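K.L.:
next comes the sequence, and after it the predicted model I'd like to discuss.
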Amino acid sequence: MHGCCCAPWAVLLSVTVGLAARAVPAVAQAGGGPGCGSFVMERVSDTLSVLRIGGSKWELPWPVYRFQVADVNGDGSDDAIVGVEKSTRYDPVVRRRVFVYKNYRGHVRPLWLGSRLGRPVVDFSFVPSEGVLRVVESERSGRCLVADYRWRSFGMEFVRYVAREREAGEALRIMGGASAP
């Protein structure tokens, strides 16, 4: 977080792939406290959440499974990374997607609305020390892989595989930010 008065924190909204679902808070805040230009995610219903920054809001009419704030594109300003479950124009199957929103002069604006990464997404966590989005993805075998992606001009670019052919719980432990039962 840059130029803000409060410590950053991220909220895991839910993880369900092969694991017990976790409770989804009605309001989750990341990136600092009120008045600090922080992103706030308000869960209105199971299929409607609102991403806010100051007085600006962006409605997300899909289930949200993860919300995190980090400087994804390296411009010195925090971005909201939101995991949603939806279909897209290019992939009609409802799947987990990763969307990134930016703070543009105090307004929530889309930075990247990813229809997919390499494989279907299970979960993700941004690793600030490495500047990468660490993603657990489903392998064709039914097991999971862990991959790193980095922002490149317009979108996420594959960097490396961290692990392949792992059970979901192990892959989530490798990813970090999520615990297996």
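P.N.:
Now that the structure is in, tell me what you want to look at. Since this is a predicted model, take the numbers as computed values, not measurements.

K.L.:
quick one: distance of stretch 164-181 to the chain centre.
P.N.:
On the basis of CA atoms, centre = their mean, to the nearest Å, stretch 164-181 sits 16 Å off its chain's mean C-alpha point.

K.L.:
model confidence over it, on average?
P.N.:
Averaging pLDDT along stretch 164-181 gives 81.

K.L.:
stretch 82-97 too?
P.N.:
94.

K.L.:
with stretch 132-139 instead?
P.N.:
The average pLDDT within stretch 132-139 is 97.

K.L.:
let me know the secondary structure of residue 140.
P.N.:
What DSSP: H, G, I helix; E, B strand; the rest coil gives for residue 140 is coil.

K.L.:
give me phi/psi at it?
P.N.:
Dihedral pair for residue 140: phi -60, psi -30, per degrees, to the nearest 10.

K.L.:
tell me the contacts of it?
P.N.:
residue 119 (CB atoms under 8 Å, 6 or more residues apart in numbering). No exception for glycine: its C-beta is placed from N, CA and C like everyone else's.

K.L.:
next, the closest residue in space to residue 112 that isn't next to it in sequence: secondary structure please.
P.N.:
Nearest residue to residue 112, sequence neighbours excluded (CB to CB, 6 or more residues apart in numbering): residue 100, at 4.4 Å. The three-state label given to residue 100 by three-state DSSP is strand.

K.L.:
going along the chain, name the strands of the protein.
P.N.:
Taking DSSP state E, the strands of the chain run over residues 27-30, 39-45, 48-53, 56-60, 64-70, 79-86, 95-104, 107-114, 121-127, 132-138, 144-151, 156-166.

K.L.:
what residues are bridge-paired with residue 103?
P.N.:
Under DSSP bridges, the beta-bridge partners of residue 103 are residue 108.

K.L.:
residues in contact with it?
P.N.:
With CB under 8 Å, 6+ apart, residue 103 has these contacts: 37, 39, 53, 77, 78, 79, 109.

K.L.:
show me what contacts the spatially closest residue to the second one that is not a sequence neighbour?
P.N.:
Same thing as residue 39. Among residues not flanking residue 39 along the chain, residue 80 sits closest, at 4.3 Å (CB to CB, 6+ apart). Taking CB under 8 Å, 6+ apart as the criterion, residue 80 is in contact with 30-31, 39, 41, 51, 53, 67-69, 100-102, 108.
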